[in-house]
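Enquirer: A predicted structure for the sequence below; I have some questions about it.
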Amino acid sequence: MRTNSPSLIFSLLILFALTSPSVHSLMSPVPEKLKSMGITLKEPPAPKGNYVSCVQSGNLLFLCGHIPQKEDGSLFVGKVGKDLTVEEGYESAKACAINILATLSKELDGDWDRIVKIVKVVGFVSCADDFTQQPAVINGASDLFGEVFGPEIGLHARSAVGTNALPLNIATEVECIVEIK
């Protein structure tokens, strides 16, 4: 006897849905990874001028320079190599990257699986004239992206640039380009 039981059909649909790659993409490891790192994403800082935080062109997101705003709203300020150590600069760049993640989360409605690749990171370091460890400072952002997304997605091209001053006397500013699907 042939049956078209609704419960059998429903069970088959559930089984198909659970084994479908599109459903697994809804279970991104990024939120759990952030949680395990003790990172909670907040509302991204609002732009401090006449620009937007993110622009999409084709399958690329161009993110503006993000500031090193801490969870309590304060900023990492001062010059690395004069007012701040390399380690403090590293934490400043990491804070910029956390704010970039908050912007990405907002822009992608929390769908982390749309991220294909962190393509390029550009980091600026406000530093003393004789300071030459800008790459070590911007590693704070690069290391975070690598840890959160893994090397296949998180490893990127990068520039680390020293400058005599940044807006609001911030220690670092980081921007990036992200490929999405």
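Expert: On my side now, so go ahead. No experiment lies behind these values; they were computed from the predicted model shown. Residues are numbered from 1 along each chain as shown.
Enquirer: nearest residue to residue 155 other than its sequence neighbours?
Expert: residue 146 (6.0 Å; CB to CB, 6 or more residues apart in numbering). All C-beta atoms are positioned from the backbone trio N, CA, C, and that covers glycine.
Enquirer: ok but the one you found is inside a helix, no?
Expert: Yes: counting by DSSP: H, G, I helix; E, B strand; the rest coil, residue 146 is located in a helix.
Enquirer: from residue 114, how far off is it?
Expert: Between residue 146 and residue 114 the computed distance is 19 Å (CB to CB, to the nearest Å).
Enquirer: same thing with residue 166?
Expert: Distance from residue 166 to residue 114, by CB to CB: 30 Å.
Enquirer: in this protein, what residue spans correspond to strands?
Expert: Here the chain has its strands, by DSSP state E, at 54-57, 60-66, 115-126, 157-163, 172-180.
Enquirer: CSV for those, including mean neighbour count and mean pLDDT?
Expert: Output for the strands of the chain, formatted as CSV (neighbours: other CB atoms under 10 Å; pLDDT from 0 to 100):
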stretch, mean neighbour count, mean pLDDT
strand 54-57, 12, 98
strand 60-66, 20, 97
strand 115-126, 22, 98
strand 157-163, 15, 98
strand 172-180, 23, 98
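Enquirer: any low-confidence regions in the protein?
Expert: Counting by pLDDT under 70, the ranges of the chain that qualify are 1-27.
Enquirer: tell me which stretches of it form helices.
Expert: With DSSP state H as the criterion, the chain has helices at 6-19, 21-24, 30-36, 86-107, 134-154.
Enquirer: most tightly packed of these?
Expert: Mean neighbour counts were compared across the helices of the chain using mean count of other CB atoms under 10 Å; the top stretch is helix 86-107, at a mean of 23.
Enquirer: by contact count, what packs against that helix?
Expert: strand 54-57, strand 60-66, strand 115-126, helix 134-154, strand 172-180 (3 or more CB pairs under 8 Å, 6 or more residues apart in numbering; DSSP states H and E).
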